[in-house]
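A.B. asks: quick one: sequence plus predicted model below, questions after.
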Amino acid sequence: MSLVVSYIPLVVLALLALGFAPLAWWMSRFLRPKKPTAWKQMTYECGSEPIGEANVQFRFQYYSFGIIFLIFDQIATFFLIWAVAFGAFSNSAILWGLVFMMLLFVGVAYALKREETIWI
């Protein structure tokens, strides 16, 4: 019985956390003033009037740059966890770290070798 009682604060916090976003959305949606005008409905672009179509296609380079950024972000996370988990750095930990870095460099070399990837 004491185990169930000790989880009550966690359950209350989880309910508050899950209920906060819908409650904030509901309050902002139904309590805000509603006075739409043509000026308010216009797309905002850094203080200037929008020119052209909003739906433009981006080149593949932007997507490949984003994917490579995500790869490096995951690498940083992996090495942080790896350094904490293997503080004493055994031989197997160093070997797995080198295997991971080799796979990383193969992936980056492949991404850089593709014709669509242009680094500006």
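C.D. replies: Received, thanks.
A.B. asks: contacts and neighbour counts: CA atoms only from here.
C.D. replies: OK.
A.B. asks: where along this protein do the helices fall?
C.D. replies: 2-6, 8-31, 38-41, 60-85, 91-113 (DSSP state H).
A.B. asks: make TSV from those and add mean pLDDT, distance to Ile51 and mean neighbour count to it.
C.D. replies: Formatted as TSV, the helices of the chain follow (pLDDT from 0 to 100; distance: least, CA to CA, whole Å; neighbours: other CA atoms under 10 Å):
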stretch	mean pLDDT	distance to Ile51	mean neighbour count
helix 2-6	78	59	8
helix 8-31	92	30	11
helix 38-41	76	15	8
helix 60-85	77	22	13
helix 91-113	78	34	13
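A.B. asks: right, and the ones you listed - which one's nearest Glu53?
C.D. replies: Among those, the nearest to Glu53 by CA to CA is helix 38-41 (15.6 Å).
A.B. asks: re the thing from before, in CSV: the helices of the chain, plus distance to Gly52.
C.D. replies: Listed next are these as CSV, based on distance: least, CA to CA, whole Å:
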stretch, distance to Gly52
helix 2-6, 59
helix 8-31, 30
helix 38-41, 16
helix 60-85, 20
helix 91-113, 32
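A.B. asks: measure the most centrally placed residue in the chain to Val11 for me?
C.D. replies: Centroid-nearest residue in the chain, with CA atoms, centre = their mean: Leu70, separated by 8.4 Å. Per CA to CA, to the nearest Å, Leu70 is found 34 Å from Val11.
A.B. asks: got it, and Ala38?
C.D. replies: Relative to Val11, Ala38 is positioned 46 Å away (CA to CA).
A.B. asks: and the end-to-end length of stretch 25-42?
C.D. replies: Terminal-residue distance, stretch 25-42 (CA to CA): 22 Å.
A.B. asks: same question, stretch 51-62
C.D. replies: Across stretch 51-62, the terminal residues are separated by 22 Å (CA to CA).
A.B. asks: buried residues in it?
C.D. replies: Residues of stretch 51-62 classed as buried by neighbour count (16 or more other CA atoms under 10 Å): none.
A.B. asks: can you give the distance from that stretch to the centre of its chain?
C.D. replies: Relative to its chain's centre, stretch 51-62 lies at 21 Å (CA atoms, centre = their mean, to the nearest Å).
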